[in-house]
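Trainee: sharing a sequence plus its predicted fold:
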Amino acid sequence: MAKNTICLWFDKDAEAAARFYSEIFPDSAVGTPPVTIPPASKVTC
């Protein structure tokens with residue numbers, strides 16, 4: 001069976017959402033994001 005990598009983007013409650021989705025797919029897990037991205041309200045240009 002093919003292995004899928006899912007990327008979810010949430011402004012809040014992201015961990016709870018990721019855990020919910022990982023519970024409905026067999027053999028899935030919540031990993032660690034490769035980088036920390038600051039909230040859009042804190043990004044300066």
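Mentor: Arrived safely.
Trainee: when you work out contacts or count neighbours from here on, use the C-alpha atoms and nothing else.
Mentor: Fine.
Trainee: what's the burial count for Thr32?
Mentor: For Thr32, the count of nearby residues is 7 (other CA atoms under 10 Å).
Trainee: next: the one 3 residues further on.
Mentor: Neighbour count of Val35, defined by other CA under 10 Å: 6.
Trainee: got it, and Arg19?
Mentor: Neighbour count of Arg19, defined by other CA under 10 Å: 14.
Trainee: tell me the mean pLDDT over the host helix or strand of it?
Mentor: Mapping Arg19 onto the secondary structure by DSSP states H and E places it in helix 14-24. Mean pLDDT, helix 14-24: 84.
Trainee: quick one, what contacts Val30?
Mentor: When the contact criterion is CA atoms under 8 Å, 6 or more residues apart in numbering, the partners of Val30 are Ala18, Arg19, Ser22.
Trainee: tell me the confidence at it?
Mentor: Here, the pLDDT recorded for Val30 equals 83.
Trainee: what's the span of stretch 13-32, first residue to last?
Mentor: Taking CA to CA, to the nearest Å as the measure, stretch 13-32 stretches 15 Å from start to finish.
Trainee: need the three-state assignment for the most centrally placed residue in the chain.
Mentor: The geometric centre of the chain, computed from its C-alpha atoms, lies nearest to Leu8 (CA atoms, centre = their mean), at 4.4 Å. Here Leu8 is coil, with the state taken from DSSP: H, G, I helix; E, B strand; the rest coil.
Trainee: not counting sequence-adjacent ones, nearest residue to it?
Mentor: Closest residue in space to Leu8, ignoring its immediate chain neighbours: Ala18 at 7.3 Å, by CA to CA, 6 or more residues apart in numbering.
Trainee: buried stuff in the helix holding Arg19?
Mentor: Ala18 (16 or more other CA atoms under 10 Å).
Trainee: contact partners of it?
Mentor: For helix 14-24, using CA under 8 Å, 6+ apart, the contacting residues are Leu8, Ser28, Ala29, Val30.
Trainee: look up how far Trp9 lies from the third one.
Mentor: Same thing as Ala29. Note on Ala29: its distance to Trp9, by CA to CA, is 16 Å.
Trainee: more neighbours, the two?
Mentor: The residue with more neighbours, out of Ala29 and Trp9 and counting by other CA under 10 Å, is Ala29; that gives 12 against 8.
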